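>>> below is the sequence, then the predicted model.
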Amino acid sequence: MILTLTANPSLDRTVSLPGRLERGAVQRAVAAGEEPGGKGVNVSRALTVSGVRSMAVLPGADSDPVMAGLRLAGVQYLNLPIEAPLRSNITLTEPDGTTTKVNAPGPALKPVEQEALITLLVGACTAAGAGSVSWLVLAGSLPPEVPPDFYASVAHAVRDRLGDQAPRIAIDSSGPPLMGALLHGAAPDLLKPNAEELSEAAGFSSEEALEADPLLAARAAGMLIERGVGAVLATLGAKGALLVSARGSWLATRPPVQARSTVGAGDSALAGYLLAEVAGGAPPDCLRQAVAHGAAAASLPGTTVPAVAATDPGAVTITPLGGPGGTDSTTPGTAAAGSAAPAPSLSSKEES
């Protein structure tokens with residue numbers, strides 16, 4: 001079982017345009033749709049459609065459209081009822097894959113609701129049985145009135161309650177929630193940043209430099225390993241994706257795909273990594289499936305998530321970079337056949 005926590009879920013509405021977005025003009029859409037969203041919700045959706053058991057934990061009324069969407073998608077969920085409706089985000093996609101996203105702030109969560117959400121999550125971990133929850137994913141933005149160290153508070157509560165039986169924790173966020181988690185001892189077993197977030201978290205270099213130089217990005221990720229992060233799965237735009245842990249560093253690339261929407265591609269990449277990891281995959285295999293999942297998601301419309309059968313991990317090339325931070329090029333790794341080529345961007349700047 002993989003649990004996800006989405007403190008700021010949303011109903012993601014996608015509008016497909018017939019051409020380039022024109023500011024100030026009236027344009028007619030060629031298609032429109034909506035899906036339950038938020039980064040953790042998207043991870044649970046991607047895992048569920050691939051046959052991996054997952055439960056999404058989130059605030060929201062039973063009657064909210066987000067819950068209706070989860071029921072329709074067959075995603076198991078546990079919700080904390082609140083009075084305010086959940087937010088609705090809008091995505092505009094152009095034929096060439098250019099994506100414009102407008103995210104609403106979401107309803108405020110009062111301190112009592114924040115505590116209740118943590119209690120609900122801890123209860124879900126314990127109700128599943130000792131050791132039954134393999135991963136807990138803390139993902140996305142935080143709603144108004146929630147402090148930036150919220151994810152650290154969640155991590156501490158889960159570990160204090162479950163001890164050695166606590167699930168491993170993955171964090172995918174940005175800005176104050178990301179820094180609040182790292183600065184207040186969340187110590188995630190897996191951190192999933194894009195290049196901008198990696199630079200921010202490590203306090204090193206810049207987004208542009210890290211995307212341009214995977215070895216430099218591996219060095220930044222190695223800094224986080226030294227500070228207690230278990231592993232870093234970093235998406236580097238056209239340069240592919242990087243996995244760094246105490247066991248080594250690997251770069252993944254693949255031929256480009258025709259992107260239709262990059263929204264949720266990073267969430268699908270995280271889901272791909274997790275489904276390979278719980279199946280017993282070695283780190284390079286987990287990275288390969290992450291990139292395969294992200295590429296498949298980018299080729300689908302809106303926030304549609306791919307099933308594992310629709311991904312092509314064989315198209316992904318894995319290049320070992322060495323030890324943590326890419327310091328030892330002789331460290332063994334697994335490389336797929338084929339030459340390295342740019343991957344589709346999995347590092348879209350949306351924070352859901």
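It's in.
>>> other SSEs contacting the worst-scoring helix or strand of the chain on mean pLDDT?
The helix or strand of the chain with the poorest confidence is strand 99-102; it has a mean of 90 (mean pLDDT, DSSP states H and E). For strand 99-102, the packing partners by 3 or more Cβ pairs under 8 Å, 6 or more residues apart in numbering; DSSP states H and E come out as strand 87-93. In this view, the C-beta of every residue, glycine as well, is placed from N, C-alpha and C.
>>> about what we covered before: output the contacting helices and strands for the helix or strand that the least confident helix or strand of the chain is followed by.
As assigned by DSSP states H and E, the chain's next helix or strand after strand 99-102 is helix 111-127. On a contact count with 3+ Cβ pairs under 8 Å, 6+ apart, helix 111-127 meets strand 2-5, strand 54-59, strand 76-80, helix 150-162.
>>> give me the low-pLDDT residue ranges for the stretch 151-300 of the chain?
261 (pLDDT under 70).
>>> any chance you could map the helices in it?
175-183, 195-202, 207-212, 214-226, 265-278, 283-298 (DSSP state H, counting those that start in this stretch).
>>> buried stuff in the shortest one?
Same thing as helix 207-212. 207, 210-212 (16 or more other Cβ atoms under 10 Å).
>>> the residue lying closest to Ala116 once chain neighbours are set aside: neighbouring residues, count only.
Nearest residue to Ala116, sequence neighbours excluded (Cβ to Cβ, 6 or more residues apart in numbering): Leu80, at 5.6 Å. Around Leu80 there are 19 other residues, counting by other Cβ atoms under 10 Å.
>>> pretty sure Leu80 sits against Leu117.
Yes. Leu80 lies in contact with Leu117 (Cβ atoms under 8 Å); the separation is 5.0 Å.
>>> okay, and the common contacts of the two?
Shared contacts of Leu80 and Leu117 (Cβ atoms under 8 Å, 6 or more residues apart in numbering): Pro59.
>>> residues contacting Pro313?
285, 288-289, 291-292.
>>> okay, the nearest residue in space to it that is not next to it in sequence and Pro36: tell me how far apart.
Distance criterion Cβ to Cβ, 6+ apart; nearest residue to Pro313, sequence neighbours excluded, is Ala292 at 4.1 Å. Ala292 sits 24 Å away from Pro36, going by Cβ to Cβ, to the nearest Å.
>>> neighbour-wise, which of the two wins?
Using other Cβ under 10 Å as the criterion, Ala292 and Pro36 rank with Pro36 on top: 30 against 26.
>>> show me the contacts for the more buried one.
9-12, 45, 65-67, 69-70, 73, 75.
>>> is it correct that it falls within a helix?
No. Looking at Pro36 with DSSP: H, G, I helix; E, B strand; the rest coil, it is strand, so not inside a helix.
>>> identify the bridge partners of it.
According to DSSP bridges, the partner residues bridging Pro36 are Leu11.
>>> from Thr48, how far off is it?
11 Å.
>>> residues contacting the residue lying closest to Ala170 once chain neighbours are set aside?
Nearest residue to Ala170, sequence neighbours excluded (Cβ to Cβ, 6+ apart): Leu190, at 4.0 Å. When contacts are counted by Cβ under 8 Å, 6+ apart, Leu190 touches 135, 168-171, 229-233, 273.
>>> hmm, back to that, what about the residue nearest to Ala116, distance to Asp62?
Counting by Cβ to Cβ - Leu80 and Asp62 are separated by 11 Å.
>>> try Leu121
18 Å.
>>> between these two, which one's more packed in?
Leu121 (25 against 9).
>>> my read is that that one contacts Val158, right?
Yes. Leu121 lies in contact with Val158 (Cβ under 8 Å); the separation is 7.1 Å.
>>> between these two, which contacts overlap?
With Cβ under 8 Å, 6+ apart, Leu121 and Val158 have common neighbours Leu136.
>>> out of the contacts of Pro36, grab the one that's most surrounded.
In the contacts of Pro36, the most neighbours by other Cβ under 10 Å go to Pro9, 33 neighbours.
>>> how about it, what does it touch?
Counted by Cβ under 8 Å, 6+ apart, Pro9 has contacts 36-38, 40-41, 58-60, 66, 86-87, 106, 140.
>>> again, but for Ser174
141, 193-194, 196-197, 200, 351.
>>> of those, keep whichever come out buried.
141, 193-194, 196-197, 200, 351.
>>> hang on, Pro214 packs against Leu251?
Yes. The pair Pro214 / Leu251 is scored as a contact, 4.9 Å apart, by Cβ under 8 Å.
>>> what is the burial count for Gly24?
With other Cβ under 10 Å as criterion, Gly24 counts 4.
>>> does it belong to a helix, a strand or coil?
Gly24 ends up coil, using three-state DSSP.
>>> which phi and psi does it have?
phi 80, psi 0 (degrees, to the nearest 10).
>>> for the one 4 residues further on, same thing?
Summarising the backbone geometry of Arg28 under the convention degrees, to the nearest 10, its torsions are phi -100, psi 130.
>>> how close does it get to Arg13?
Arg28 is 16 Å from Arg13, by Cβ to Cβ.
>>> comparing the two, which residue is more hemmed in?
Arg13 (18 against 6).
>>> so Val14 touches Asn89, yeah?
Small correction: residue 14 is Thr, not Val. No. With contact defined as Cβ under 8 Å, Thr14 does not reach Asn89; the gap is 9.2 Å.
>>> looking at these two, which is more packed in?
The neighbour comparison of Thr14 against Asn89 (other Cβ under 10 Å) goes to Thr14, with 25 against 22.
>>> three-state assignment of that one?
Applying three-state DSSP: Thr14 is strand.
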